[in-house]
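>>> Below is the structure, and that's it, no one-letter string:
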Ligand SMILES: O=C(O)CCC(=O)C(=O)O
Ligand SMILES: [Fe+2]
């Protein structure tokens, strides 16, 4: 190769790397969520709900105090941490260990479960749908867990060996917690216990998203996960036990969510916002990166059956509070489209 040509080739590839790096930089252009900020306050008051006490308050012996606590957690933070949920600490540690082991496998092994270009399930990075889309500094494994007959096992890792069983067990345990929470949330709003669950239907969906954030040299410029609210009904998140990273937007200010090692974080998704006629709101949140340590989290998205219409429950619509959202079916479809543009999908279904 002539000297000039090889110089051009080097410059070309440097430019390509430069462009790649640029595409990870979070630019706060039009959406107003602000720049990456590593110094925001820690939320000392993120509500903590004792699940065992909450459940006993949903039985005949009603305990209004727990329901009030839940109601105020939801209206102030739109999110809470659940302790005493009945899942053993050792099992949660096992879930974390297996997910870390998966992401540490050689790329050729992980590629066996790679997400196809036109699909959403499998192992991979952000779907790039638009020019200038800021990329998330993360690898993910995204799997549909329910309904069972729609699982695509070809994307479910067989390595580590107990990964699949772990996911079966974990999702079954979470399903029970989810159903109890939806009943308690309904009760805290003084509407019939089953009104949200009925809209979720017999074939409600559950997706697991394993998030792996590798160490990033510029946590001040690059986000692990850009600001978003979840498109689920509710999301149950297992945070990393040691490395913090989740931030929550409350009244236009970002707060760091503290680690409670064996708690589950629950947040409202857009579809429960719709069903509650906006009395509940889905919180905007984002994940930061860390320059020294990787971070692993597992989000379980629990949502209504995509073949069913969802809409505000009638008990929460009246003359004083008119209906605020349209009837929608298959909300996740709308969601993905808007999400990747950094827009709020919920705005598309407001009346
Ligand atoms: O990793 C986190 O802390 C947040 C994950 C999350 O928000 C999501 O997967 O939707
Ligand atoms: Fe999220």
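Arrived safely, thanks for sending. Keep in mind that what you see is a predicted model, and the values were worked out from it rather than measured. Ligands and ions are numbered 1, 2, ... in the order given.

>>> Output the below-cut-off pLDDT ranges for the stretch 51-200 of the chain.
Along the stretch 51-200 of the chain, segments meeting pLDDT under 70 span 57-63, 127-132.

>>> which residue ranges form the helices in the chain?
Under the criterion DSSP state H, helices of the chain are mapped to 3-22, 51-57, 64-76, 89-103, 107-110, 163-188, 195-200, 270-275, 331-339.

>>> Out of those, flag the one nearest ligand 1.
helix 331-339 (9.7 Å; C-beta to the nearest ligand atom). For the C-beta atoms, the positions are set from N, CA and C on the backbone; glycine is no exception.

>>> out of the helices of the chain, which comes closest to residue 210?
Counting by C-beta to C-beta, residue 210 lies closest to helix 89-103 out of the helices of the chain; the figure is 4.8 Å.

>>> Retrieve the pLDDT associated with residue 288.
Looking at residue 288, its pLDDT is 94.

>>> Would you enumerate the residues in contact with the residue of the stretch 101-250 of the chain found nearest ligand 1?
Across the stretch 101-250 of the chain, the shortest distance to ligand 1 (C-beta to the nearest ligand atom) belongs to residue 246, at 3.7 Å. Residue 246 sits next to 237, 239, 256, 257, 265, 285, 286, 287, 288, 297 when contact means C-beta atoms under 8 Å, 6 or more residues apart in numbering.

>>> Neighbour count and distance to ligand 1 for the residues you listed - can I get that in TSV?
What follows is these, written out as TSV (neighbours: other C-beta atoms under 10 Å; distance: C-beta to the nearest ligand atom, whole Å):
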residue	neighbour count	distance to ligand 1
237	22	6
239	26	6
256	19	11
257	22	8
265	22	8
285	24	5
286	21	8
287	24	4
288	25	9
297	23	4
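
>>> From those residues, pick the one nearest residue 38.
Residue 38 lies nearest to residue 288 out of those, by C-beta to C-beta, at 6.8 Å.

>>> Identify the bridge partners of the closest one.
On the basis of DSSP bridges, residue 288 is bridged to residue 223.

>>> That one: what's it in contact with?
By C-beta under 8 Å, 6+ apart, residue 288 lies in contact with 36, 38, 219, 223, 224, 245, 246, 247.

>>> The residue lying closest to the last one once chain neighbours are set aside - how many residues pack around it?
Spelled out, that is residue 247. Closest residue in space to residue 247, ignoring its immediate chain neighbours: residue 254 at 4.8 Å, by C-beta to C-beta, 6 or more residues apart in numbering. Neighbours of residue 254 under the rule other C-beta atoms under 10 Å: 21.

>>> residues contacting residue 254?
Contacts of residue 254 by C-beta under 8 Å, 6+ apart are 34, 37, 40, 247, 248, 286.

>>> Quick one, which of those residues are buried?
247, 248, 286 (16 or more other C-beta atoms under 10 Å).

>>> Residue 40 contacts residue 257, correct?
No - using C-beta atoms under 8 Å, residue 40 is not in contact with residue 257, being 10.5 Å away.

>>> tell me the contacts of the residue nearest to residue 70 when sequence neighbours are not counted?
Nearest non-adjacent residue to residue 70, counting by C-beta to C-beta, 6+ apart: residue 188, 4.6 Å away. Counting by C-beta under 8 Å, 6+ apart, residue 188 touches 67, 68, 70, 71, 74.

>>> what about the nearest residue to residue 197 once chain neighbours are set aside, how many neighbours?
Leaving aside its sequence neighbours, residue 197 sits nearest to residue 182 (C-beta to C-beta, 6+ apart; 5.2 Å). Residue 182 has 24 neighbouring residues, counting by other C-beta under 10 Å.

>>> Would you mind listing what in the protein touches ligand 1?
Where the chain comes near ligand 1, counting by C-beta under 6 Å from any ligand atom, the residues are 209, 211, 225, 230, 237, 239, 245, 246, 285, 287, 297, 299.

>>> is the second one in a bridge, and if so with what?
Meaning residue 211. residue 140, residue 297.

>>> Quick check, it in contact with residue 294.
No - under the criterion of C-beta under 8 Å, residue 211 makes no contact with residue 294, lying 10.6 Å away.

>>> higher neighbour count, the two?
residue 211 (23 against 16).

>>> how near is the more buried one to residue 22?
According to C-beta to C-beta, to the nearest Å, residue 211 and residue 22 sit 23 Å apart.
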